[in-house]
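Asks: Quick one: sequence plus predicted model below, questions after.
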Amino acid sequence: MEIGLGARIGALSFVRRVEPELFTIVALPEHDYDAIILNGWDCAATSMRRLKIVAGQRLTADQDRGLLLGEMLAKNLNLQVGDFIDLKPGERFEVVGIFTSESIFEMGGMIVMTLPAAQRFANLAGRVTVFMVLVDGSLNYQQIDLLCELVAALEAGVHMSDLGFQQDP
């Protein structure tokens, strides 16, 4: 999806914030990993803020060659803060932080980088795969269903799902 769709979603009633995200898959055969999820997030995104950094630091917007690793993934790859990893030929990144989260999936199989870095890495400039839409907390399920329909009507092929109510970290 074009990233500009996020502004159109954000203009809808009840929407507090729209956070673009990019998901792709990375293979690291030299480490015996066929598929690792690579997430590109804005540094201020809810998804980024909920990660607990246990070593190093959070990503900053100017770190286009930095990444975060889940704690178990870092251990399995034998990587620490300050180490470098080639995600594909000519694409070397520095581990700037290691995180834990409530999700064992995230800790064991997820790489995080800034959204612009992920877009460049995946050759998807100006595009995203998901928008996290944060809404007014007073909405009922009927209003959320209506909002999902409104988002779907903005552009062919777009689908919005209610992933439940979550509070900002």
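Replies: That came in fine, so what should we check first? These numbers come from a predicted model, not from an experiment.

Asks: Quick check on the spatially most distant residue from the centre of the chain: phi, psi?
Replies: Here the chain reaches farthest from its C-alpha mean at residue 142, the gap being 27.7 Å by Cα atoms, centre = their mean. When read as degrees, to the nearest 10, the backbone of residue 142 gives phi -60, psi -40.

Asks: got a pLDDT number for it?
Replies: Note on residue 142: pLDDT of 87.

Asks: distance of it from residue 14?
Replies: Relative to residue 14, residue 142 is positioned 12 Å away (Cβ to Cβ, to the nearest Å). In this view, the C-beta of every residue, glycine as well, is placed from N, C-alpha and C.

Asks: Against residue 10, how distant is the residue farthest from the centre of the chain?
Replies: Following Cβ to Cβ, the distance that separates residue 142 from residue 10 is 21 Å.

Asks: same deal with residue 43?
Replies: 18 Å.

Asks: Would you map the helices across the chain?
Replies: Taking DSSP state H as the criterion, the chain contains helices spanning 5-10, 46-49, 71-77, 104-109, 115-121, 141-154.

Asks: Confidence-wise, which of the ones you listed is weakest overall?
Replies: helix 104-109 (a mean of 72).

Asks: What number of neighbouring residues does residue 136 come out with?
Replies: The local packing of residue 136 (other Cβ atoms under 10 Å) involves 11 other residues.

Asks: That one contacts residue 14, doesn't it?
Replies: Yes. In this structure, residue 136 is within contact of residue 14 by Cβ atoms under 8 Å, at 4.7 Å.
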